[in-house]
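Visitor: Sequence first, predicted coordinates after that:
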Amino acid sequence: MTTTENTTATLAVLDSGRLPSRAALAFLGRSLLVVGFGTIVVAIVEVLTATGLISPLVMPRPSLVASRVVDILTQVLTGGASAAFAWQTASALLVSLVVAVGLGVAIGTLLAQSRLAMLTLYPYVLALNAAPRVVFAPMFVIWFGLGMTSRVVMAVSIGMFPVIVGTLAGLARAEGQTHKLMAAAGASRFQRFRLVEFPSALPFIVAGSETAAVLVAVGVVIGEFTAGNEGLGYLVIVAQENYDLPTVFALVVIIALMGILLNGLVMLLGRRFVFWGRAQS
């Protein structure tokens with residue numbers, strides 16, 4: 001191997017070693033920015049509430065909220081009083097996301113593949129998304145009962161729309177030279193869909209599913225507000241009735257964390273199995 005080849009190989013090794021460190025530093029910088037901003041906001045609220053400038057009837061002290069968050073999470077991890085309610089919410093979130101993604105992909109594919117379906121059904125899809133679903137929460141309880149089903153239906157009705165839009169956008173983008181070349185080569189419609197259209201749409205479906213992961217958390221909690229005595233949403237109602245604002249805020253924080261974790265799970269799965277989406281972005 002010549003000196004030039006040795007130098008090139010050494011530089012390649014150095015570059016390959018630097019790239020992960022750059023990504024790690026960029027991630028660390030973003031994390032510090034987010035954490036720093038949140039810390040400043042929490043510190044300001046803590047001072048305002050501790051000095052009485054903000055009434056505890058309006059906003060609890062963040063330190064009290066943090067203490068309640070730790071207490072509730074400890075109960076969840078040790079099988080305490082809040083554990084069953086937390087697992088009810090978590091299971092409803094997972095089921096709702098799976099159903100929302102499945103229905104969203106199915107409906108989006110139907111709309112993209114059939115002009116008649118697009119003209120006939122898409123206005124109803126838009127109307128469903130525009131309608132305030134919270135108004136239908138009592139009706140879902142009447143139709144589907146007080147169990148998980150009514151909560152899942154509420155969450156799915158909110159969460160599946162971004163998946164439908166992502167599926168439509170992804171399948172529309174698949175119309176390109178490769179698609180036309182396969183059509184000219186005699187590939188069937190299903191083969192074009194399976195080999196070109198659907199793989200091209202997957203990054204968009206994953207993006208819609210990431211949004212759906214957050215929206216289903218909203219839907220599940222709305223369902224828990226009206227559907228009996230299950231889930232963390234029910235604990236929020238109980239804490240509100242007892243004027244226990246620290247517990248209310250702590251439960252809201254935990255529910256938000258569940259939605260964020262679910263969003264992160266979808267993002268990780270997307271990066272792992274739909275890796276070509278990063279090349280398209």
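Guide: Right, received. Where do you want to start?

Visitor: got a list of what Ala66 touches?
Guide: Applying CB atoms under 8 Å, 6 or more residues apart in numbering, one finds that Ala66 lies in contact with Ala250. From N, CA and C alone the C-beta is placed, and that goes for glycine too.

Visitor: Next, it: secondary structure please.
Guide: Per DSSP: H, G, I helix; E, B strand; the rest coil, the secondary structure class of Ala66 is helix.

Visitor: before we move on, which element is the most centrally placed residue in the chain in?
Guide: Averaging the C-alpha coordinates of the chain gives a centre point, and the residue nearest to it by CA atoms, centre = their mean is Ala213 (2.2 Å). Here Ala213 sits within helix 198-226, counting by DSSP states H and E.

Visitor: Remind me what the helix or strand following that helix packs against, helices and strands.
Guide: Past helix 198-226, heading to the C-terminal end, the next element that is a helix or strand (DSSP H and E) is helix 231-241. Contacts of helix 231-241 with other secondary structure elements, assessed using 3 or more CB pairs under 8 Å, 6 or more residues apart in numbering; DSSP states H and E, are made with helix 83-113, helix 198-226, helix 245-273.

Visitor: What residues sit buried inside the last one?
Guide: Spelled out, it's helix 245-273. For helix 245-273, burial by neighbour count (16 or more other CB atoms under 10 Å) applies to 245-255, 258-259, 262-263, 266, 270.

Visitor: quick one: low-confidence ranges for the stretch 101-250 of the chain?
Guide: Within the stretch 101-250 of the chain, the ranges that satisfy pLDDT under 70 run 174-181, 183-185, 187, 228.

Visitor: run the last query once more with 80
Guide: Under the criterion of pLDDT under 80, the regions of the stretch 101-250 of the chain flagged as low confidence span 133, 172-197, 227-229.

Visitor: Isn't Arg61 up against Thr49?
Guide: Yes: judged on CB atoms under 8 Å, Arg61 makes contact with Thr49 at a distance of 4.5 Å.

Visitor: Show me the common contact partners of these two, please.
Guide: Residues touching both Arg61 and Thr49 by CB under 8 Å, 6+ apart: none at all.

Visitor: Mind jotting down where the helices sit in the stretch 51-200 of the chain?
Guide: With DSSP state H, counting those that start in this stretch applied, the stretch 51-200 of the chain shows helices at 62-78, 83-113, 115-130, 137-144, 148-173, 177-184, 189-192, 198-226, listed in chain order.
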